[in-house]
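Asks: Sequence first, predicted coordinates after that:
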Amino acid sequence: MRIRHVSRLGAVVAVAAGLMIGPTANADPPPTLDTTASATESAVRLAPPSQEVSGGRSLLISDSAWLGMYLYGGGVDAVQGFDHTLALASCRRRVVTSCTNFDGYVPIPLLEELRNHPDGFTTLIVATGYNDDDRAFASELDTIITEARSLGYRRVVWLTLRSNVTYVSPDDAGFAEVFGNNNTVLARIVADGTYPELLMADWASYARDQPNWFSADGIHLRRTGGYAAADYISRKMTFLDRQPCAQPLVAGRAPDDRCPDPDVQGPIVDLGSLYPLDAAQPRVPFLLNFEGSSSWPDPPWWES
């Protein structure tokens with residue numbers, strides 16, 4: 001997602017305030033969804049991967065929506081319970097050339113980022129899409145899964161896009177209707193079993209009624225939203241791995257021995273009792289592109 005400012009100082013101020021807002025007026029008419037669209041050719045492999053993956057390392061690739069986990073106060077350390085690498089970049093797109101940020105920075109697209117992580121990973125977590133349109137969604141999904149298979153990934157967890165938003169991506173590529181269209185096609189592809197390793201993580205439904213997690217555009221995470229997103233993906237992954245939750249629902253209780261699916265349970269976590277929502281991690285530099293991981297299994301910054 002593009003951060004639209006004429007100076008770096010202005011961008012830093014806007015990011016700190018959580019006000020990365022795309023244009024909302026005079027957008028082109030939304031593209032018509034081809035409800036018959038689907039991947040025209042399944043990714044080919046003699047033995048397609050299954051969703052059953054025990055352990056292994058996960059690669060989460062996002063655009064600037066989830067970059068807020070890093071920028072706003074250190075929510076990255078709330079990603080717990082599974083081995084992971086986070087590759088978070090502002091303005092990232094899925095397959096085609098990414099958009100250009102305020103200072104001329106253009107991140108590599110998800111497909112190239114995936115190719116840069118060929119070894120030691122079993123799960124790809126896709127958290128991009130707010131800078132893309134919906135015209136090529138099914139074919140891009142096929143391209144990404146085909147590449148993941150060729151690199152030995154055995155599972156792809158694809159997050160839905162929040163669609164009750166005002167955000168409009170650069171070049172009017174993506175907006176609320178586009179995001180909803182992509183979610184509809186994703187759900188259908190998952191349901192039809194074209195890709196046995198593909199799973200949907202329904203972040204859009206989980207976060208739908210939580211406006212306090214987001215800046216005014218409905219996409220970019222505020223500090224509380226950074227912790228909410230990190231907590232959500234931690235619970236989703238430990239559910240899929242059939243592992244205990246890394247955190248309880250509220251401080252003082254024991255975590256569930258077998259983590260429930262947050263998509264079923266809903267956003268009932270007491271974030272304020274688990275995470276330092278009113279404190280920022282010291283010395284977090286402003287970055288448009290962050291790659292790293294949380295401190296897990298070591299203690300998070302607020303306990304060290």
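Replies: Sure, I can see it.

Asks: what sits against the residue nearest in space to the middle of the chain?
Replies: In the chain, the C-alpha closest to the average C-alpha coordinate belongs to A127, at a distance of 2.6 Å (C-alpha atoms, centre = their mean). Shown in contact with A127 (C-beta atoms under 8 Å, 6 or more residues apart in numbering): L60, I61, S62, D63, A65, W66, L159, W203. For glycine as for every other residue, the C-beta is placed from the backbone atoms N, C-alpha and C.

Asks: Just to be sure, the fifth one is in a helix?
Replies: This means A65. Yes. With DSSP: H, G, I helix; E, B strand; the rest coil as the criterion, A65 is part of a helix.

Asks: Okay, and the nearest residue in space to it that is not next to it in sequence sits in which element?
Replies: The shortest distance from A65 to any non-neighbouring residue, by C-beta to C-beta, 6 or more residues apart in numbering, is to I219 (5.0 Å). Counting by DSSP states H and E, there is no helix or strand that carries I219.

Asks: Let me know the distance separating F82 from D133.
Replies: From F82 over to D133 the distance is 31 Å, taken as C-beta to C-beta, to the nearest Å.

Asks: and if you look at R258?
Replies: The span separating R258 from D133 equals 39 Å under the rule C-beta to C-beta.

Asks: And those two? Which one has more around it.
Replies: Neighbour comparison, R258 and D133: the larger count goes to D133, with 21 against 11 (by other C-beta atoms under 10 Å).

Asks: Three-state assignment for the more buried one, please.
Replies: Assignment for D133 (three-state DSSP): coil.

Asks: Next, the contact list for T128, please.
Replies: T128 is in contact with I61, S62, D63, R92, R93, R94, L110, counting by C-beta under 8 Å, 6+ apart.

Asks: residues in contact with the fourth one?
Replies: If I follow you right, that is R92. By C-beta under 8 Å, 6+ apart, the residues touching R92 are I61, S62, D63, S64, S98, P107, I108, P109, L110, E113, T128, N131.

Asks: Can you tell me which of the residues you listed end up in strands?
Replies: When DSSP state E is applied, those are split such that I61, S62 fall in strands.

Asks: of the contacts of R92, closest to K236?
Replies: Among the contacts of R92, S62 lies closest to K236 (C-beta to C-beta), at 14.2 Å.

Asks: picking that back up, turn the contacts of A127 into a markdown table, columns for pLDDT.
Replies: Putting those into a markdown table (pLDDT from 0 to 100) gives the following:
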| residue | pLDDT |
| --- | --- |
| L60 | 98 |
| I61 | 98 |
| S62 | 98 |
| D63 | 97 |
| A65 | 95 |
| W66 | 96 |
| L159 | 98 |
| W203 | 98 |
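
Asks: where does the chain dip in pLDDT?
Replies: Low-confidence segments of the chain, defined by pLDDT under 70, span residues 1-55, 73.

Asks: Do a quick rundown of the strands in it.
Replies: Taking DSSP E as the test, the strands found in the chain are 57-62, 84-89, 121-127, 155-159, 198-201, 289-292.

Asks: With respect to Q281, which of the ones you listed lies nearest?
Replies: Distances from Q281 to each of the strands of the chain were compared using C-beta to C-beta; the minimum, 12.8 Å, belongs to strand 289-292.

Asks: packing partners for the closest one?
Replies: Contact partners of strand 289-292 among helices and strands, from 3 or more C-beta pairs under 8 Å, 6 or more residues apart in numbering; DSSP states H and E: helix 64-71, strand 84-89.

Asks: at 6 Å instead, please
Replies: The elements that strand 289-292 packs onto, with contact taken as 3 or more C-beta pairs under 6 Å, 6 or more residues apart in numbering; DSSP states H and E, are strand 84-89.

Asks: Partner strands of the strand it packs on and their direction?
Replies: For strand 84-89, the paired strands and their directions (DSSP bridges) are strand 57-62 (parallel), strand 289-292 (antiparallel).

Asks: Residues contacting it, please?
Replies: Outside of strand 84-89, the residues within contact range by C-beta atoms under 6 Å, 6 or more residues apart in numbering are 58-62, 66-67, 70, 107, 113, 289-291, 293.
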